[in-house]
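Undergrad: Fold the following.
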Amino acid sequence: MRLGSTFLTLLLLAALAGCGGEHRLMRPAADTRFPELAGDADRYAAHRDAWTRRETLGVKGEVEATFEDPSLGADYLAHLAREEGLGEVRRDGYFETMWAALYGTQGDRLPIQVTLRFDRLFHSQATLDPARWEFVLEDDAGRRWTPFYLGDRKDVPAERGKRATAFRLWFKTQEAGKRPLIDGRTRELILHVRGNPGTALLRWKFKPDNPVHVDPRG
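TA: Numbering: from 1, shown residues only. So this is what the prediction gives:
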């Protein structure tokens with residue numbers, strides 16, 4: 001009896017570990033303005049993993065999506081500056097161009113990096129073509145967005161017997177007459193991935209804004 005109980009406990013722990021990322025509450029950046037010395041190169045890898053979600057896709061396939069929040073973007077610039085021996089991030093043409101490439105010159109777009117991985121025995125190279133896939137971003141209020149731009153894909157290293165490719169999706173963060181993509185009321189974003197091999201849902205849950213309490217006594 002004790003052995004059975006232990007086995008069930010291990011199964012429960014494994015299930016919780018598998019969905020831990022999906023249920024993590026994230027705090028999105030307050031704005032998308034170019035950061036000045038705001039990033040942390042040492043934090044980049046862990047921060048990126050925190051914003052990354054993974055799901056199985058079809059037979060022997062996986063999709064990975066990294067929500068590139070501006071707070072992660074600031075750490076990425078710091079990481080890039082260190083890797084290229086450029087010192088600290090500063091307000092100059094190079095770093096501002098890198099930032100604008102991710103979030104737009106007006107800070108009006110949001111990138112999500114997607115990686116597709118498939119077993120060579122079950123899927124051809126054509127399966128990796130983003131044009132064969134549909135991507136829709138949905139919030140907890142039922143609003144839906146399609147990417148306005150899909151960046152060039154590039155094949156990336158994969159474990160033996162696998163093939164993989166990566167690319168970015170860009171979504172508008174603001175449209176005239178509509179609520180922003182992310183504001184204080186947004187609690188969840190779901191990326192729907194749909195193609196011939198299968199479908200997947202990747203979720204990011206957000207911490208609510210702290211309400212302002214007004215003392216009725218003044």
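Undergrad: Near T165, how many residues? Count them for me, please.
TA: Residues lying near T165 (other C-beta atoms under 10 Å) number 19. To be clear about C-beta, it is placed using only N, CA and C from the backbone, and glycine gets the same treatment.
Undergrad: how about the nearest residue to it, chain neighbours excluded?
TA: Among residues not flanking T165 along the chain, L128 sits closest, at 4.1 Å (C-beta to C-beta, 6 or more residues apart in numbering).
Undergrad: Find the residue closest to the residue nearest the centre of the chain in space, skipping its chain neighbours.
TA: By C-alpha atoms, centre = their mean, the chain has its centre lying nearest to F67, at 1.7 Å. The spatial neighbour of F67 that comes closest, neighbours along the chain excluded (C-beta to C-beta, 6+ apart), is W51 at 4.8 Å.
Undergrad: rewinding a little: from what I see, the residue nearest to T165 and L116 are in contact.
TA: Yes: under the criterion of C-beta atoms under 8 Å, L128 makes contact with L116 at 5.6 Å.
Undergrad: joint contacts of those two?
TA: Taking C-beta atoms under 8 Å, 6 or more residues apart in numbering as the contact rule, L128 and L116 both touch A164, T165.
Undergrad: Looking only at neighbour counts, state which of those two leads.
TA: Neighbour count, other C-beta under 10 Å: between L128 and L116, L116 has more, with 28 against 20.
Undergrad: List the beta-bridge partners for that one.
TA: L116 forms beta bridges with V63, T165, as assigned by DSSP bridges.
Undergrad: Okay, it and P147: tell me how far apart.
TA: For L116, the distance to P147 (C-beta to C-beta, to the nearest Å) stands at 15 Å.
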